[in-house]
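Visitor: next come a sequence and a model predicted from it.
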Amino acid sequence: MQKRYFDQRVDFFCQPIPESIQERTGQIVASAGLEADSTVLDVGTGIGVLIGHFLEEGVPASRIVGCDLSSRMLAQAKQKYPETYFWLGDIVDLTIPLPPDFPPGIKSFNFVFFNACFGNMFDQEEALKAASRLTRGRGTIVISHPLGAGFVDSLHQSEPEIVPHLLPSLEDYQGWAETVGYEIDHYDDRPGFYLTRLVCNRYDTGD
């Protein structure tokens, strides 16, 4: 259902993004502390809204992977960022080792971003477990929304089949910390802006 929903609305998401939202998404990415050798997974990448910000922070296109359920969204992202790899699917289905068609230099990820999509996850705890697994339990997970938790609440009320959850509270993250394996590095839930950073601490040194 989500795939069809976003496939049908790709033209809406291709409209110009207001400068104020661009500034907030830039702030979200800048806060993560990306470096030139970082590997980044952008979950729910859509048309690639965060990709330009990753590039501005010095991450090469070849070290970024965008993930989405909508093939039409990814087609738009590929047109804008042809040197970035985009994977069609659900993060919970990604495992280590990564699929053979992934860029050869990416074996796992230092950063996993969920921007403006975490309310869409059918099981938020499982999504976090998948993200931790894909960082081998030692990366950073960023959950954010440039319009804030209240905006997601309104979407949840109007279209619960597409947005089945609210954005997590601090108590939610605390409840998942032991089973997922992370420390809460930053939590900011204010009107019109939401940003959480989780630092994974369940180390996996396997190949």
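Guide: Nice, I can see it.
Visitor: list the contacts for residue 81?
Guide: Counting by CB atoms under 8 Å, 6 or more residues apart in numbering, residue 81 makes contact with 48, 51, 52, 61, 64, 66. From N, CA and C alone the C-beta is placed, and that goes for glycine too.
Visitor: the lowest-mean-pLDDT helix or strand in the chain packs against which elements?
Guide: The helix or strand of the chain with the lowest confidence, counting by mean pLDDT, DSSP states H and E, is helix 10-13 at a mean of 71. Where contact means 3 or more CB pairs under 8 Å, 6 or more residues apart in numbering; DSSP states H and E, helix 10-13 is packed against helix 71-80.
Visitor: so which elements touch the helix it packs on?
Guide: Helix 71-80 packs on helix 2-8, helix 10-13, strand 64-68, strand 85-88, going by 3+ CB pairs under 8 Å, 6+ apart.
Visitor: can you list the buried residues in the second one?
Guide: Applying a neighbour-count criterion of 16 or more other CB atoms under 10 Å, the buried positions in helix 10-13 are residue 10.
Visitor: not counting it itself, show me its contacts.
Guide: 6, 46, 47, 70, 72, 73, 76.
Visitor: of those residues, which is the nearest to residue 203?
Guide: residue 46 (31.5 Å; CB to CB).
Visitor: measure the closest one to residue 10 for me?
Guide: Taking CB to CB, to the nearest Å as the measure, residue 46 and residue 10 are separated by 9 Å.
Visitor: which neighbours do these two have in common?
Guide: 70, 73.
Visitor: check the residue nearest the centre of the chain and give its pLDDT.
Guide: Among the residues of the chain, the one closest to the centroid is residue 114, at 2.2 Å (CA atoms, centre = their mean). In this model, residue 114 is scored at 99, pLDDT.
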